[in-house]
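Q: Requesting a structural model of the entry that follows:
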Amino acid sequence: MKVQLLRICHGRSGDKGDTANIGLIAREEKFYPLIERVVTADRVKEYFGAMVLGPVERFELPNLWALNFLLHNALGGGGTKSLKNDAQGKTLAAALLRMEIDVPEGMMDGHV
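A: The predicted structure follows:
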């Protein structure tokens with residue numbers, strides 16, 4: 001079944017210069033192996049499309065059930081240079097949480 005990440009994850013985002021940082025944290029341990037397998041750097045780069053001009057890096061934090069993504073050259077030069085509405089990337093976690101992934105039947109039992 002297709003599920004938006006927001007049903008199984010929390011997110012947090014920010015910036016360091018022209019690089020956006022997105023943390024994706026599984027709501028439960030059982031969801032971590034799934035997001036680790038399907039939410040790849042390539043998939044995140046494709047999801048954000050032309051907004052991310054540089055590479056996307058992914059770092060795994062299994063003890064926290066989390067993934068951290070760095071989206072390079074994504075903020076139009078960063079907070080002090082950019083004319084973008086979200087020059088610090090604060091809304092990018094909310095955008096990523098709307099990505100849909102396939103979740104095996106039964107995994108969502110007990111989750112709205």
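Q: got the residue ranges for the strands in the protein?
A: Here the chain has its strands, by DSSP state E, at 2-4, 9-16, 19-26, 56-61, 66-71, 100-102.
Q: The residue positioned nearest the centre of the chain and residue 106, how far apart?
A: By C-alpha atoms, centre = their mean, the chain has its centre lying nearest to residue 96, at 4.6 Å. Using C-beta to C-beta, to the nearest Å, residue 96 is found at 25 Å from residue 106. Quick note: C-beta positions are derived from backbone N, CA and C, even for glycine.
Q: The residue nearest to the centre of the chain reaches residue 23, doesn't it?
A: No - using C-beta atoms under 8 Å, residue 96 is not in contact with residue 23; the gap is 9.8 Å.
Q: Bridged to the closest residue to residue 12 other than its chain neighbours, which residues?
A: Counting by C-beta to C-beta, 6 or more residues apart in numbering, residue 12 lies nearest to residue 23, which is 4.4 Å off, once chain neighbours are set aside. Beta-bridge partners recorded for residue 23 (DSSP bridges): residue 12, residue 68.
Q: what sits against residue 23?
A: The neighbourhood of residue 23, defined by C-beta atoms under 8 Å, 6 or more residues apart in numbering, consists of 11-13, 66-69, 93.
Q: next one: residue 94
A: 11, 13.
Q: can you check residue 105 too?
A: Contacts for residue 105 (C-beta under 8 Å, 6+ apart) come out as residue 1.
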